[in-house]
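Enquirer: just to be clear, the model below is a prediction. Sequence and coordinates:
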Amino acid sequence: MKGKHQGVQNRLLEVNPKALYMSCACHSLNLTLSDMAHSCIKAVSFFGIFQRIYTLFASSTKMWKVLLDNVSNLTVKSLCNTRWESRIKSVKTIRFQAPQIRSVLLELCKSCDDAKTKSEAESLVSAIENFEFFLGMIVWYDVLFAINMVSKMLQLKSMCIYATMEQFEGVVKYFEKYRNEGFASSMDTAKTIACEMNIDPTFLIKRRIIRKKQFDENNNEEEMQASEKEAFRVNYFLTIVDMAISSLNNRFEQLKKFESIFGFLFDYDKLKSLDENELMRSYVHFGDTFHHNTVADVNVNYLYSELKVLQVTLPNKSMTAVEILEFVKVVGCYPKVSVAYRIMLTVPVTVALKFLSLSKL
């Protein structure tokens, strides 16, 4: 059995070299977020601020108590290096409690006697009061919220490849729409939060060479602000969103390759409705995938005959792929169909139920 299972894996890798990396759709989403965060230097620094805030308050019970006394709803969370979609919890805390977090940091600046802690608190206050931080926080909250919602749905034990593809296609459409409309809406939200905290909602202008102005020259402050805003949109916002679309599309294409091989077995209604020509094309493609030289995991001729009979004998009720396999095992006269379903159900899984923690890596 071990040798045969290895043969299945080897033949699948010949079809798609990245096939075994498709095992967990949730992991694919985490890889997408990782690609996004590492595509932009500012994004890496952005998450570093959240980790520094948590580290500061978690360094002593005294400072943690100060935090709890002033922030009653959500506490700061440490960043997870593997479960990127779970970082929504860290961003959510600051997103909806930025004024309270800043107040606690300001209190530490005044009351703390430790020079290192005082310096770190002052540095974090300065980082939080940067308008770019607010804008990045709104953008990442929207991104992480969308990914987290899809990830939770993909962890349902009833999730199948068709539903997985629908979820991936939906989140790609979300990011395509967000690319066109997200920056303007994020700007409006960030300005609202900044104004509530009496922070100037403008971008920091990089230091430029100052020269003496002529008497007839106008102040170009607005032009520089527009330039910094456009630079943020292009180099930060569009960079991470385009990376998300590219990464998701790449993983979606891999899912479609699995669907082309196993699709006719996954869906009960589709299996029952296939005509003879469609069934023939499907089982031939399946057989070719798991055929190497003169060795095959499934005899396609026997498989075709069994599938034709199975179409007629399946109960007239909707069944999942697992239920069809159980039906086939109970009947005991569909050995090739049983092999096909076992291959299908052990290769393109979305979540390994027995290893739920692994599926979240």
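Expert: That came through, no problem.

Enquirer: top helix in the chain by residue count?
Expert: helix 161-196 (DSSP state H).

Enquirer: C-terminal to that helix, what's the next element?
Expert: helix 221-232 (DSSP states H and E).

Enquirer: what angle sits between that next one and helix 161-196?
Expert: Using axes from the mean of the first three to the mean of the last three Cα atoms, to 10 degrees, the direction of helix 221-232 lies 160 degrees away from that of helix 161-196.

Enquirer: and the next helix or strand past helix 221-232?
Expert: helix 238-266.

Enquirer: angle of the helix or strand where Lys42 lies against helix 221-232?
Expert: Element membership of Lys42, judged by DSSP H and E, is helix 41-58. Orientation check (the same axes, to 10 degrees): helix 41-58 against helix 221-232 gives 90 degrees.

Enquirer: quick one, helix 41-58 and helix 238-266 angle?
Expert: Interaxial angle, helix 41-58 versus helix 238-266 (the same axes, to 10 degrees): 90 degrees.

Enquirer: buried sites along helix 41-58?
Expert: Ala43, Phe46, Phe47, Ile49, Phe50, Gln51, Ile53, Tyr54, Leu56, Phe57 (16 or more other Cβ atoms under 10 Å). In short, each C-beta sits where N, CA and C put it, glycine included.

Enquirer: kindly report the same for stretch 257-277.
Expert: 257-259, 261-268, 271, 274.

Enquirer: hey, C-alpha coordinates of it in CSV?
Expert: These are the backbone C-alpha positions of stretch 257-277, laid out as CSV (Å, rounded to 0.1, in the frame of the first residue of the first chain):
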residue,chain,number,x,y,z
LYS,A,257,-6.5,21.5,-12.4
PHE,A,258,-7.8,19.3,-9.5
GLU,A,259,-11.4,20.0,-10.6
SER,A,260,-10.6,18.9,-14.2
ILE,A,261,-9.3,15.5,-12.8
PHE,A,262,-11.8,14.8,-10.0
GLY,A,263,-14.8,17.1,-10.8
PHE,A,264,-17.1,14.4,-12.2
LEU,A,265,-16.7,12.4,-9.0
PHE,A,266,-17.2,15.2,-6.5
ASP,A,267,-20.6,16.2,-7.4
TYR,A,268,-23.6,13.8,-7.1
ASP,A,269,-25.8,15.7,-9.5
LYS,A,270,-23.1,16.0,-12.1
LEU,A,271,-22.2,12.3,-11.9
LYS,A,272,-25.9,11.3,-12.3
SER,A,273,-26.4,13.7,-15.2
LEU,A,274,-23.3,12.9,-17.4
ASP,A,275,-24.2,11.4,-20.7
GLU,A,276,-22.1,8.7,-22.2
ASN,A,277,-19.7,10.9,-24.1
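
Enquirer: and it, how far out from the chain middle?
Expert: 28 Å (Cα atoms, centre = their mean, to the nearest Å).

Enquirer: could you tell me the end-to-end distance of stretch 290-299?
Expert: 10 Å (Cα to Cα, to the nearest Å).

Enquirer: that stretch - what's its average pLDDT?
Expert: Stretch 290-299 comes out with an average pLDDT of 73.

Enquirer: before we move on, what about stretch 338-357?
Expert: 63.
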